[in-house]
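Trainee: The following comprises the amino acid sequence and a computationally predicted model.
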Amino acid sequence: MSGLHMSRRQVLNSAAAVAAVAAMGIDPKMVLAAQNGILKVRMAGDLQVLDPGYMIGGPEVTVLYMCMPRLAVREKQPDGTWGWKPSAYVDKLAQEDPTHISFTLKKGMMWSNNGGEITADDVKFSFDRMLKADYSPRWPTLDHVEVKDKYSGTIILKAPFVGIWLMGIASEAGTIVPKSLIEKMKDQKYTMPLPAQYGPYTMVDWQAKQKAVFKANPNWGGPKPYFQEVHLIDVENSKAAELAFEAGEVDLTDVPPDTAARYMKTMPADAKLINQAGLAYTWMGMNTQHPKLVDIRVRKAIQRAIDADAILAAGYAGVCPRAYGIVPIGVLGHRDKSNYSFDPEEAKSLLEEAGVSDLNLEIKAQAGEDAHIATCQIIQSNLADVGITVKITPVDSGPFWNLGQESKGDAWKTLELWIMGFSTTPDPADQLEWFQKSGVGVWNWERWSDPQFEILLKKGREEVDPAKRAAIYVEMQDIMENTGAYFWITFDPRFHVFRDSIAPVFDPSGIPQPELFTKA
């Protein structure tokens, strides 16, 4: 049970301990989430890369929110949409015209680890380096940053782009890093730990595959965080996380749909459940360059052989919506239908037309994601019905995220099928940018490209008319689907269960932001 420490549970969370606390007249839940005490948040996998240009996501994003500067932050609007506002790190931030954004940093903000004062040179270095980083799709029209003086500068875009705020500047990809320290590093990038920090919290300890510890930063000049200490606890398996919450190991965790469905009927004591509309999307991908899958007829046969409704019932407890693309519900460019349907007979005909029989395939999914494993089992059964044998291979979260990346080894060469999920921002460009030609071997694991897709990608960035922009993104999803490399599954709602003594805050993707948590 990765990340669970039985000795701690035995000491702090045994029935006897809870009874003893209650006997003293103390509410047991306040031991777990005490006023200005320790907040314990489950993370579904260990921290691996805290460099904003090369991170994987999830808990790494939480760390960047807590410990590092940004010019802007995302803010939910009264109508439920997401916008942005200047962060606590700036005195001024304004869009001067469609391609120029000016900023002025607050004075006296000091990096830890002798990194010096945070300056406009740090901003320029941080944003300019993103142009060659894995997260460059978050900055599709950035040209460069001009430094005006020690604290001021201008972000210059090659072309107008309405998504630059939510995708780039106000997101984790807009994290500012210390130029003086990173310039000394090999390849000018890093993994763990942070080279320097300045934010509401400071990361003071990291125990691989166990936990990361953060303490309130006494030198922080912005709004003070409520909790003096935050622990991110590594509990990779979702069922283990459920047990960890019920045993008091963590104060907040996301839970899978089947657990959420059970909690909707019977909640644990002193707990609440929140359901956020998903900006995450899940699909099954196929490697178009693998010899077994190079024939588009085989890929389209697989699309038509799989029963999406069965997956949603078995893997997602019937509480998650069906996806017909990758742009989430409520986001510009969402599709409400696809151009294929569950049709085993058509699948058999396509396989026969391709001259394929006795096909054996391997599907990989994250071992700790129970819904993904259940999805694999439905796919295995469905494909068996059309004569395809499927082997299911669970993979730990760390190695899983390296599978399709050429920079991480040769696993991409043998990758066939996999269950993938991305979390994104509320702008549709962020859902599509990752699948461009330059993303092959990075995040485009399906390894395809299409000239029309690239043309539309550019048009979508520049178009300001919402209806025209929506049509562009629908057409781009049509192109993706017609490769046969995608089987759409769902837009994952983010279900979180938490102590009713705390008031959690999440970003648009449902990622916790402990620096904004308060007492309920």
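Mentor: Arrived safely.
Trainee: Where does pLDDT dip in this structure?
Mentor: 1-36 (pLDDT under 70).
Trainee: Which positions within stretch 290-302 qualify as buried?
Mentor: Buried residues in stretch 290-302, defined by neighbour count with 16 or more other C-beta atoms under 10 Å: His290, Lys292, Leu293, Asp295, Ile296, Arg297, Val298, Arg299, Lys300, Ala301, Ile302. Every C-beta, even on glycine, is put in place using the N, C-alpha and C of the backbone.
Trainee: what's the longest helix seen in the chain packed up against?
Mentor: Longest helix of the chain, by residue count under DSSP state H: helix 466-482. For helix 466-482, the contact count by 3 or more C-beta pairs under 8 Å, 6 or more residues apart in numbering; DSSP states H and E identifies helix 428-432, helix 451-462 as packing neighbours.
Trainee: Those helices: which one's closest to Pro508?
Mentor: Closest of the helices and strands packed on helix 466-482 to Pro508 is helix 428-432, at 10.0 Å (criterion: C-beta to C-beta).
Trainee: How far off centre is the closest one?
Mentor: Here the centre of helix 428-432 is set off from its chain's centre by 13 Å, with C-alpha atoms, centre = their mean, to the nearest Å.
Trainee: would you put the C-alpha positions of it in CSV?
Mentor: Extracted C-alpha coordinates of helix 428-432, given in CSV (Å, rounded to 0.1, in the frame of the first residue of the first chain):
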residue,chain,number,x,y,z
PRO,A,428,-10.1,24.8,-25.9
ALA,A,429,-6.7,25.5,-27.4
ASP,A,430,-5.2,23.8,-24.4
GLN,A,431,-7.0,20.5,-25.2
LEU,A,432,-5.8,20.5,-28.8
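Trainee: Run through the bridge partners of the residue most central in space within the chain.
Mentor: In the chain, the C-alpha nearest the mean C-alpha coordinate belongs to Ser423, at 3.6 Å (C-alpha atoms, centre = their mean). Beta bridges link Ser423 to Ala280 when assigned by DSSP bridges.
Trainee: what about the helices in the stretch 251-400 of the chain?
Mentor: For the stretch 251-400 of the chain, the helices defined by DSSP state H, counting those that start in this stretch occupy 257-265, 296-305, 308-315, 344-354, 370-384, 397-400.
Trainee: How about the stretch 101-250 of the chain?
Mentor: Using DSSP H, counting those that start in this stretch, the helices of the stretch 101-250 of the chain run over 120-129, 179-182, 238-247.
Trainee: Export these as TSV, with columns for mean neighbour count.
Mentor: As requested, the helices of the stretch 101-250 of the chain are exported to TSV (neighbours: other C-beta atoms under 10 Å):
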stretch	mean neighbour count
helix 120-129	21
helix 179-182	19
helix 238-247	21
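Trainee: so which of those helices gets nearest Gln77?
Mentor: For the helices of the stretch 101-250 of the chain, the distance to Gln77 is smallest for helix 120-129, at 25.3 Å, taking C-beta to C-beta.
Trainee: Can you spell out which helices and strands pack onto that closest one?
Mentor: Applying 3+ C-beta pairs under 8 Å, 6+ apart, one finds that helix 120-129 makes contact with strand 100-105, strand 142-147, strand 152-157, helix 179-182.
Trainee: before we move on, the earlier item: would you mind finding the most buried of the helices and strands packed on helix 466-482?
Mentor: Of all the helices and strands packed on helix 466-482, helix 428-432 carries the top mean neighbour count, a mean of 26, counting by mean count of other C-beta atoms under 10 Å.
Trainee: what comes into contact with that helix?
Mentor: With contact meaning C-beta atoms under 8 Å, 6 or more residues apart in numbering, helix 428-432 is reached by 137-138, 140, 161, 163, 166-167, 281, 326-328, 331-333, 422, 424, 457, 460-461, 469-470, 473, 476-477.
Trainee: cutoff 7 Å now
Mentor: Applying C-beta atoms under 7 Å, 6 or more residues apart in numbering, the external contacts of helix 428-432 come out as 138, 140, 163, 167, 281, 326-327, 331-333, 424, 457, 460-461, 473, 476.
Trainee: same check, this time on stretch 491-501
Mentor: Contact partners of stretch 491-501, identified using C-beta under 7 Å, 6+ apart, comprise 29-30, 32-33, 245, 251-255, 257, 260, 263, 270-278, 280-282, 320-321, 323, 328-329, 421, 504, 510, 519-520.
Trainee: OK, contacts around Gln77?
Mentor: Gly83.
Trainee: Next: the one 10 residues further on.
Mentor: With contacts taken as C-beta under 7 Å, 6+ apart, Ser87 has the following neighbours: Arg70, Leu71, Ala72, Val73.
Trainee: Format those as a markdown table; extra columns: neighbour count and secondary structure.
Mentor: Listed next are the contacts of Ser87 as a markdown table, based on neighbours: other C-beta atoms under 10 Å; DSSP: H, G, I helix; E, B strand; the rest coil:
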| residue | neighbour count | secondary structure |
| --- | --- | --- |
| Arg70 | 26 | coil |
| Leu71 | 26 | coil |
| Ala72 | 22 | strand |
| Val73 | 19 | strand |
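Trainee: how about the residues you listed in CSV, adding distance to Ser152?
Mentor: Shown next, in CSV, are these (distance: C-beta to C-beta, whole Å):
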residue, distance to Ser152
Arg70, 16
Leu71, 12
Ala72, 15
Val73, 20
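Trainee: Show me which pair in those residues is furthest apart.
Mentor: Spatial extent of the contacts of Ser87 (C-beta to C-beta) is set by the pair Leu71 and Val73 at 8.8 Å.
Trainee: just to revisit the earlier point, which of the contacts of helix 428-432 lies closest to Ser341?
Mentor: Ile326 (18.2 Å).
Trainee: and Asp492, how far is that from Ala277?
Mentor: Distance, Asp492 to Ala277, using C-beta to C-beta, to the nearest Å: 10 Å.
Trainee: So between these two, which is more surrounded?
Mentor: Asp492 (27 against 15; other C-beta atoms under 10 Å).
Trainee: ok so Ala495 is a helix residue?
Mentor: Heads up, residue 495 is Phe, not Ala. No - assigned with DSSP: H, G, I helix; E, B strand; the rest coil, Phe495 falls outside any helix and is strand.
Trainee: Tell me what it is bridged to.
Mentor: Val255, Asn275.
Trainee: now Asp97
Mentor: His100.
Trainee: Near it, how many other residues are there?
Mentor: Neighbours around Asp97, by other C-beta under 10 Å: 8.
Trainee: rewinding a little: mark which of the contacts of stretch 491-501 are buried, thanks.
Mentor: 29, 32-33, 245, 251-255, 257, 260, 263, 271-272, 274, 276, 278, 280-282, 320, 323, 328, 421, 504, 510.
Trainee: Output the helices and strands packed on helix 466-482 in CSV; the columns should cover distance to Gly45.
Mentor: Output for the helices and strands packed on helix 466-482, formatted as CSV (distance: least, C-beta to C-beta, whole Å):
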stretch, distance to Gly45
helix 428-432, 22
helix 451-462, 30
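Trainee: Nearest to Glu346, out of the ones you listed?
Mentor: Among those, helix 451-462 sits nearest to Glu346 (C-beta to C-beta), with 25.4 Å.
Trainee: from the middle of its chain, how far away would that closest one be?
Mentor: With C-alpha atoms, centre = their mean, you get 24 Å for helix 451-462.
Trainee: The nearest residue to Asn219 once chain neighbours are set aside and Pro98, how far apart?
Mentor: Nearest non-adjacent residue to Asn219, counting by C-beta to C-beta, 6 or more residues apart in numbering: Met110, 6.7 Å away. Using C-beta to C-beta, Met110 is found at 35 Å from Pro98.
Trainee: same thing with Thr191?
Mentor: With distances taken as C-beta to C-beta, Thr191 is found 36 Å from Pro98.
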